[in-house]
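Peer 1: no sequence on this one, just coordinates:
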């Protein structure tokens, strides 16, 4: 049976709401059905960082699921997806997922992805990291998640903040096999550098 091109995207309250919005836009443009879940804290961050309200998200995703809706389709392993990208991912959400606490649809959907052995990518937005954060990241990696902090790729020579965000998000979507055409692929060092 062919797996549907269906991706769950979570946006948490960590700084970097633009990552989640860009992921939605890129995934949809690439032909993926998108299922969005936004935490209550993320609604505050979206308003603060990009001036969007809850209603502004309508039309950006194929399906928007309320954070408290534990009965949503994405809360069940029988609902097939490619996996889940949480962009940005707060330390709180990361910790809930690592401990199996499923107090919201965000952590429940991520838990489902892990138990079904699907891809879970967490664009963790926090710095500096203390030992507990690093231990949690290690535990999640052992559970099958991919920890992918959004780190700028300066070799791509970004000209704008949007370029930086787009490259990081496109690299995250690469992990699901979603080609966006937005990644400036590494072509090796130029001849002049090897002299």
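Peer 2: Noted; the coordinates are in hand. Please read these numbers as outputs of a predicted model, since none were measured by experiment.

Peer 1: all helices for the protein, in order.
Peer 2: 17-29, 40-50, 91-99, 105-115, 131-143, 161-174 (DSSP state H).

Peer 1: packing partners for the last one?
Peer 2: Pointing back at helix 161-174 there. Contact here means 3 or more CB pairs under 8 Å, 6 or more residues apart in numbering; DSSP states H and E; on that basis helix 161-174 packs against helix 17-29, strand 83-89, strand 119-124. No exception for glycine: its C-beta is placed from N, CA and C like everyone else's.

Peer 1: and the shortest one, how far out from the chain middle?
Peer 2: It refers to strand 119-124. 6 Å (CA atoms, centre = their mean, to the nearest Å).

Peer 1: avg pLDDT for that strand?
Peer 2: On average, the pLDDT along strand 119-124 is 98.

Peer 1: next, the angle helix 17-29 makes with that strand.
Peer 2: 150 degrees (axes from the mean of the first three to the mean of the last three CA atoms, to 10 degrees).

Peer 1: sheet partners, orientation included, of strand 119-124?
Peer 2: strand 83-89 (parallel), strand 146-147 (parallel) (DSSP bridges).

Peer 1: deepest of the ones you listed, which one?
Peer 2: strand 83-89 (a mean of 29; mean count of other CB atoms under 10 Å).

Peer 1: residues contacting residue 90?
Peer 2: 12, 13, 14, 39, 41, 125, 126 (CB atoms under 8 Å, 6 or more residues apart in numbering).

Peer 1: switch the cut-off to 7 Å
Peer 2: 12, 13, 14 (CB atoms under 7 Å, 6 or more residues apart in numbering).

Peer 1: so the first one touches residue 40, yeah?
Peer 2: The one in question is residue 12. No - the criterion here is CB atoms under 7 Å, and residue 12 misses it with residue 40 at 9.7 Å.

Peer 1: what's the overlap in contacts for those two?
Peer 2: Residues touching both residue 12 and residue 40 by CB under 7 Å, 6+ apart: none at all.

Peer 1: ok, which of the helices and strands packed on helix 161-174 comes nearest residue 105?
Peer 2: Nearest to residue 105, of all the helices and strands packed on helix 161-174, is strand 83-89, at 11.1 Å by CB to CB.

Peer 1: re earlier: which of the strands paired with strand 119-124 sits closest to residue 32?
Peer 2: strand 83-89 (10.4 Å).

Peer 1: ok, now how distant is residue 76 from residue 14?
Peer 2: Distance of residue 76 to residue 14, given as CB to CB, to the nearest Å: 26 Å.
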